[in-house]
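Undergrad: model this:
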Amino acid sequence: MKRFFGQKGALGHSRRVLDELWVVEPYEMVPEDKDFPIVIFSAKGARVRDLNGNFYVDLSSFFGVSSVGHSNPKCLRALRKQAHRLMNGMGDMHKSHVALRFIKTLKKHLRDKDYKVFFGLSGSDAVEAALKFACAATGRASFVAFEGAYHGLTLGALQVCGQERFRKQFAPLLNKDVQFLPFPAQGLGLKEKVLDRVRDLLGQKPPAAVIIEPIQGRGGIRVCEDGFLRALFEECKKNGVILICDEIWTGAGRTGRFLASDYEDVAPDIVCLGKGLSGGVPLSCCLMRDWIADGVKSCEGEAVHTSTFYAFPLGCASAIAVLEEIEEQGLLQRAKEIEKRVLEVLVPFVSSIPFVVEVRGKGAMLGIEVKDYGGRTGGQIAYSIMKDLLKEGVIVTTEGEKGNVLAINPPLTIDFRDLDFGLEKMQAVMKRLTE
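TA: The predicted model follows:
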């Protein structure tokens, strides 16, 4: 296995493709470090092949998308069958029956089934729908969000993004009536202080909604402090404010429960799902209570919030296969086993690594926070580790506003031999940086 993975030679084919792509793409798509990216040729399970024939273990699930593994056989069968029948429908006009099958299958996984479902293609779509429906249902246009939050980069979603680097170039277009509160991550002791701020804001001038991620992904794999989400839900309920849970990354079993909010016994007013929901085919959905869903009215027979690919049949078919895999393969338990294995291996090891702050997360959504060390910032060290791991045959990402958190988000179906290989390489790379 050690000889199988990793970059074995020059990346000529990848470089030529990237050089041509960078000419025709916007400048922001061109990385500062042009030697880092590869061109992905194929992927199966937790293994990835680049255009040059090198193989890698994927500990990223491609940003959390491929939870049931790349090219999952059940998803492929469902896609082939659906593609022969109907590849796309007619949005909100003439729909496909597969959308209903998906909704019925999804509701089997929900503790609280009293939701209506609105379809999108991306996580941003789901957040956009949540914000618009919350505004229409309440007649209010203000929101409360959290520092470090990431809810997508389309215009509506961007207004509740708690990371200034994404907002600043588009500030003139954004809603100014959004209050950002500190995120009460575990270990910070902010729970009561933030709850006091919530009570003040909701009591003085109730917003349309409060939007929160139970675990911030792009914000650095920061887990919400125990009990906060439940207390936030109660405050929102008391003040007639909608609670939106962005479960785009945490949902569909990633944390060991189908929804991360299930850990707090919370059934939010709105839930946003995406990423791992549909096995790599575009699909997202926004679950909402009846009274919220009914807040948006059609105008002269026209739906006023819809899209061409609404209830995309291929996405629905693949998502049904994902949901069946979660149940049949016991992937909620598998996420917990991944967490156990990663923590057993890394926690004792990082105690001797001077630049590591902690290993944290829940289920198969874990992160290693890196601090400044040896004249380099934590972000620079984390990037160096990510780059060296790629050469060794392991794909990870960096998260956090400073890019100083190494994220470990493998497919829930990963073979533990592949997982152990990735962790072994991670240890070796970090150890080299201390020598």
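
Undergrad: how about low-confidence regions in this protein?
TA: The chain contains residues with pLDDT under 70 at 1-3.

Undergrad: how about the helices in it?
TA: Secondary structure of the chain (DSSP state H): helices at 12-24, 61-64, 73-85, 97-107, 123-138, 155-158, 164-167, 191-204, 228-239, 290-293, 313-328, 331-350, 378-392, 416-433.

Undergrad: What helices and strands are in contact with the fifth one?
TA: Under the contact criterion of 3 or more Cβ pairs under 8 Å, 6 or more residues apart in numbering; DSSP states H and E, the helices and strands touching helix 123-138 comprise strand 116-120, helix 155-158, strand 209-212, strand 242-246, strand 270-273, strand 284-288, helix 290-293. All C-beta atoms are positioned from the backbone trio N, CA, C, and that covers glycine.

Undergrad: Using CSV, lay out those together with mean neighbour count and distance to residue 410.
TA: Shown next, in CSV, are the helices and strands packed on helix 123-138 (neighbours: other Cβ atoms under 10 Å; distance: least, Cβ to Cβ, whole Å):
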stretch, mean neighbour count, distance to residue 410
strand 116-120, 22, 26
helix 155-158, 20, 27
strand 209-212, 28, 25
strand 242-246, 29, 22
strand 270-273, 28, 20
strand 284-288, 28, 22
helix 290-293, 16, 35
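
Undergrad: and of those, who's closest to residue 190?
TA: With Cβ to Cβ as the measure, strand 209-212 is the member of those nearest residue 190 (13.4 Å).

Undergrad: what comes into contact with that closest one?
TA: For strand 209-212, the surrounding residues in contact (Cβ atoms under 8 Å, 6 or more residues apart in numbering) are 127, 130-131, 134, 138, 143-146, 149, 151, 160, 198, 202, 224, 229, 232, 236, 241-246, 269-270.

Undergrad: For the residue nearest the centre of the chain, which non-adjacent residue is spatially closest?
TA: Nearest to the mean C-alpha position of the chain, by Cα atoms, centre = their mean, lies residue 249 at 2.5 Å. Nearest residue to residue 249, sequence neighbours excluded (Cβ to Cβ, 6 or more residues apart in numbering): residue 217, at 4.0 Å.

Undergrad: what sits against that neighbour?
TA: Taking Cβ under 8 Å, 6+ apart, one finds 64, 150, 249, 250, 365, 399, 407 in contact with residue 217.

Undergrad: and if we set it to 7 Å?
TA: Residues in contact with residue 217 (Cβ atoms under 7 Å, 6 or more residues apart in numbering) are 64, 150, 249, 399.

Undergrad: do the same with residue 205
TA: By Cβ under 7 Å, 6+ apart, residue 205 has no neighbours at all.

Undergrad: how does it look with 10 Å?
TA: Shown in contact with residue 205 (Cβ atoms under 10 Å, 6 or more residues apart in numbering): 140, 142, 177, 179.

Undergrad: next one: residue 93
TA: Contacts for residue 93 (Cβ under 10 Å, 6+ apart) come out as 303, 306, 310.

Undergrad: most surrounded residue in those?
TA: Tallying neighbours with other Cβ atoms under 10 Å puts residue 310 at the head of the contacts of residue 93, with 21 neighbours.

Undergrad: Now do it against residue 11, distance only.
TA: To residue 11, residue 310 is 40 Å away according to Cβ to Cβ, to the nearest Å.

Undergrad: who's in contact with the nearest residue to residue 355 once chain neighbours are set aside?
TA: Excluding its sequence neighbours, the residue lying closest to residue 355 (Cβ to Cβ, 6+ apart) is residue 373, at 3.6 Å. Contact analysis of residue 373 by Cβ under 10 Å, 6+ apart lists 353, 354, 355, 356, 380, 381, 433, 434.

Undergrad: Over to residue 432?
TA: Here residue 432 is in contact with 384, 385, 388 (Cβ under 10 Å, 6+ apart).

Undergrad: Dump those residues into CSV; add distance to residue 298 as well.
TA: Shown next, in CSV, are the contacts of residue 432 (distance: Cβ to Cβ, whole Å):
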residue, distance to residue 298
384, 54
385, 52
388, 55
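
Undergrad: Compare those and tell me which has the most neighbours.
TA: residue 385 (22 neighbours).

Undergrad: from memory that residue sits against residue 397, does it?
TA: No. Shown here, residue 385 and residue 397 do not form a contact pair, counting by Cβ atoms under 10 Å, at 11.2 Å.

Undergrad: shared neighbours of those two, which are they?
TA: Common contact partners of residue 385 and residue 397 (Cβ under 10 Å, 6+ apart): residue 406.

Undergrad: residues near residue 401, how many?
TA: 19.

Undergrad: Tell me which residues touch the residue nearest to it when sequence neighbours are not counted, please.
TA: Nearest residue to residue 401 in three dimensions, chain neighbours excluded: residue 163, at 5.6 Å (Cβ to Cβ, 6+ apart). Shown in contact with residue 163 (Cβ under 10 Å, 6+ apart): 147, 148, 149, 150, 153, 180, 216, 218, 219, 400, 401.

Undergrad: what's the answer for residue 346, then?
TA: Shown in contact with residue 346 (Cβ under 10 Å, 6+ apart): 353, 356, 359, 366, 368, 408, 423, 426, 427, 430.

Undergrad: For residue 422, see how far away the fourth one is.
TA: In other words, residue 366. For residue 366, the distance to residue 422 (Cβ to Cβ) stands at 12 Å.

Undergrad: shared neighbours of those two, anything?
TA: Counting by Cβ under 10 Å, 6+ apart, the residues touching both residue 366 and residue 422 are 59, 342, 408, 410.

Undergrad: from what I can see the second one touches residue 366, true?
TA: When you say that, I think you mean residue 342. Yes. Between residue 342 and residue 366 there is a contact under Cβ under 10 Å: 5.5 Å.

Undergrad: anything in contact with each of the two?
TA: Jointly contacting residue 342 and residue 366 under the rule Cβ under 10 Å, 6+ apart are 59, 359, 408, 410.

Undergrad: In space, what's closest to the third one - neighbours in sequence excluded?
TA: Put plainly, it is residue 408. The spatially closest residue to residue 408, leaving aside those adjacent along the chain, is residue 366, at 4.3 Å (Cβ to Cβ, 6+ apart).

Undergrad: partners of that neighbour in the sheet?
TA: Bridge pairing for residue 366 (DSSP bridges) gives the partners residue 361, residue 408.

Undergrad: My guess is residue 126 contacts residue 246. True?
TA: Yes. Between residue 126 and residue 246 there is a contact under Cβ under 10 Å: 8.1 Å.
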